[in-house]
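> Everything below, folded, please.
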Amino acid sequence: MRNTLQWIGLMSLTVSLGLTSCGGGPTGPVAPPPASVIVYTVEPGNATYYDLYPATATPLNQVDIKPQVSGNIVGIYFKDGQQVRKGMKLYAIDQQQYMAAVDQAKANVDVAKANLAKSQQDADRYQDLAKQDAIAKQTLDHQLADLEASKQQLRAAEANVAAVQTNLGYSTIYAPFNGTIGISLVKVGTSVYPQTLLNSVSTDDPMAVDIAIDQAEIPQFTRYFEKGTNPKDSIFTAVLPDGSTYPYAGQIYLLDRSIDPTTGTLKARLTFSNPKDELKAGLTTNIRVKHKAGDSTLMIPYKAVVEALGEYFVFVVQGDRAFQHKVVLGSKIGGNIVVRSGVQQGEKVVIEGVQKLRDSSAVQIAQPSQKPATPAGSAAPSAK
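Got it, this is the predicted structure:
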């Protein structure tokens, strides 16, 4: 029994020594090997590409037609939607009360003239009597004051004639400029008053189209505005709601004076010839802007781009690691895409092996940089 216990103790000691001699403490996780990637060196290229901007057609000039006097509509002298010329008669308001007011005002002028003549005669007589000391000086002063009052009453009566004649003129409403009139909101017999909306008149040729541009694009559009646009160059073209291209090229009419603080964009207004009245006020369309970037545009293969939550990233290799860079993209040109910001010329972006990477991943370049094939033709428009 005693020998058995000694043997068991000896075996336990042997096992303990064996475990201790096998290496002791815990070991950490082994680092993964560097990811094998292929990179592309960012270089500038010559690109002609298009951007697409949502737009709304708006008249260069539009006026709401409202009466300046009250009364019943007694005449409408146009057809809804027709072309009107400046000075064309549009509406007539019942003139009876205004003609009567004119007649009354003219009669008041005649009364004032008669009173003035009487006052003048009395003043002349009193002046003669005063020279003979036949009347008191106070009586003459009072008569001269009455004479001046009669003169002012005549002026007031004449001014009232002008006022009521103006109201009589307001009872007929004329087109303020050449344009297209809308659908009348009143009919013959309708009682109207100042500020009642009767109709609207707007110009339609040329037609303005408004777009919103990003702050970063302001210098480029300012250059377009300063240089003007050649219709043959067709920098600005409109895409109609049915997908067809509007046959007339546009040009920049103005850039707004300030940036909208809520959107961070600036309004740019273009004008398009509209001889066939295809562009209607309020029409929602798209403006395709042709950009010629020369030799300064940075392009990379589109397969280098990673999208996450509506933002775009690329992996830039620095040394033996790949770092994630947020980029702002332009238009696609074949298999490439224009990069507006986020990378610099000469940097190496990962074009294969992207799916294996995280920010600061260790990488190993598998082969020399390759420049993607130059695209044939221009870019498809990118929506703004």
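> mind listing the helices for this protein?
2-21, 96-131, 137-170, 218-227 (DSSP state H).
> do you know which of the ones you listed lies nearest T285?
Nearest to T285 among these is helix 218-227 (18.1 Å), distances taken as Cβ to Cβ. Yep, even glycine has a C-beta here, placed from its N, CA and C like the rest.
> Can you name the residues in contact with the closest one?
Helix 218-227 is contacted from outside by 213, 235, 252, 254-255, 266, 268, 291, using Cβ atoms under 8 Å, 6 or more residues apart in numbering.
> For the residues you listed, could you give me CSV that also reports neighbour count?
Formatted as CSV, the contacts of helix 218-227 follow (neighbours: other Cβ atoms under 10 Å):
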residue, neighbour count
I213, 20
I235, 20
I252, 19
L254, 12
L255, 15
L266, 20
A268, 26
H291, 20
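> which one of those residues sits closest to A101?
Of all those, A101 sits closest to L254, with 45.1 Å by Cβ to Cβ.
> residue closest to the middle of this structure?
Note on the chain: the residue nearest the mean C-alpha position is K267, at 3.4 Å, using Cα atoms, centre = their mean.
> I'd like the distance between it and T58.
Using Cβ to Cβ, to the nearest Å, we find K267 at a distance of 10 Å from T58.
> Mind listing the shared neighbours of these two?
Overlap between the contact sets of K267 and T58, as judged by Cβ under 8 Å, 6+ apart, is given by D210.
> wait, isn't N274 in contact with M207?
Yes. Contact criterion Cβ atoms under 8 Å: N274 and M207 qualify, at 4.2 Å.
> so what's in contact with these two at the same time?
By Cβ under 8 Å, 6+ apart, no residue touches both N274 and M207.
> What is the burial count for the spatially closest residue to D214 that is not a sequence neighbour?
Of all residues not flanking D214 in the chain, T265 sits nearest, at 6.0 Å (Cβ to Cβ, 6 or more residues apart in numbering). For T265, the count of nearby residues is 17 (other Cβ atoms under 10 Å).
> and if you look at Y174?
Neighbours of Y174 using other Cβ under 10 Å come to 15.
> any idea of the pLDDT on the closest residue to it other than its chain neighbours?
Spatially, and ignoring its direct neighbours in sequence, Y174 is nearest to G87 (5.4 Å; Cβ to Cβ, 6+ apart). On the pLDDT scale, G87 is placed at 93.
> what does K66 give?
Confidence at K66, expressed as pLDDT, is 94.
> for the one 10 residues further on, same thing?
Model confidence at I76, expressed as pLDDT, equals 95.
> related to what we said a few turns ago, the residue nearest to the centre of the chain pairs with what?
A212 (DSSP bridges).
> That one against D214, yeah?
No. Taking Cβ under 8 Å as the definition, K267 is not a contact partner of D214, at 11.9 Å.
> Test my guess that the residue nearest to D214 contacts A216.
No. Counting by Cβ under 8 Å, T265 does not reach A216; the two are 10.4 Å apart.
> who's in contact with the residue nearest to the centre of the chain?
Neighbours of K267 in contact, by Cβ under 8 Å, 6+ apart: 210-213, 255-256, 260.
> ok, and the most crowded of the residues you listed?
In the contacts of K267, the most neighbours by other Cβ under 10 Å go to I211, 23 neighbours.
> Now for it: which residues touch it?
Residues in contact with I211 (Cβ under 8 Å, 6+ apart) are 53-55, 267-268, 270, 287.
> Closest one to H142 out of those residues, please.
Lowest distance from H142 to the contacts of I211 (Cβ to Cβ) belongs to K267, with 68.5 Å.
> Measure how buried the closest residue to N199 other than its chain neighbours is and give me the count.
Distances taken as Cβ to Cβ, 6+ apart put I65 closest to N199, at 4.4 Å, once the chain neighbours are dropped. I65 has 21 neighbouring residues, counting by other Cβ under 10 Å.
> again, but for Q215
Q215, neighbours per other Cβ under 10 Å, totals 10.
> could you list every residue that touches it?
Taking Cβ under 8 Å, 6+ apart, we find Q215 in contact with 259, 264-266.
> distance of it from Q95?
56 Å.
> How about L154?
Distance from L154 to Q95, by Cβ to Cβ: 26 Å.
> do D103 as well
For D103, the distance to Q95 - Cβ to Cβ - is 12 Å.
> okay, now the domains of this protein?
Annotated domains of the chain cover 35-48+295-383, 52-60+205-292, 67-94+171-202, 96-170 [automatic domain parsing].
> quick one: contacts of stretch 180-191?
Contacts for stretch 180-191 (Cβ under 8 Å, 6+ apart): 65, 70-76, 78, 80-84, 90-91, 175, 192, 196-204, 277.
> Try it again at 10 Å.
Here stretch 180-191 makes contact (Cβ atoms under 10 Å, 6 or more residues apart in numbering) with 59, 62, 64-65, 67, 70-76, 78-84, 88, 90-94, 175, 192, 196-205, 277, 280-281.
> Return the subset of these lying in strands.
Assignment to strands by DSSP state E places the following of these there: 62, 64-65, 71-76, 83-84, 90-93, 192, 199-202.
> Just the buried residues from those, in PyMOL please.
Buried subset of the ones in strands among the contacts of stretch 180-191, written as a PyMOL selection, criterion 16 or more other Cβ atoms under 10 Å:
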select buried, resi 62+65+71+73+76+84+90+91+92+93+192+199+200+201+202
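> least reliable of the helices of the chain going by mean pLDDT?
Looking at these, the bottom one is helix 2-21 with a mean of 45.
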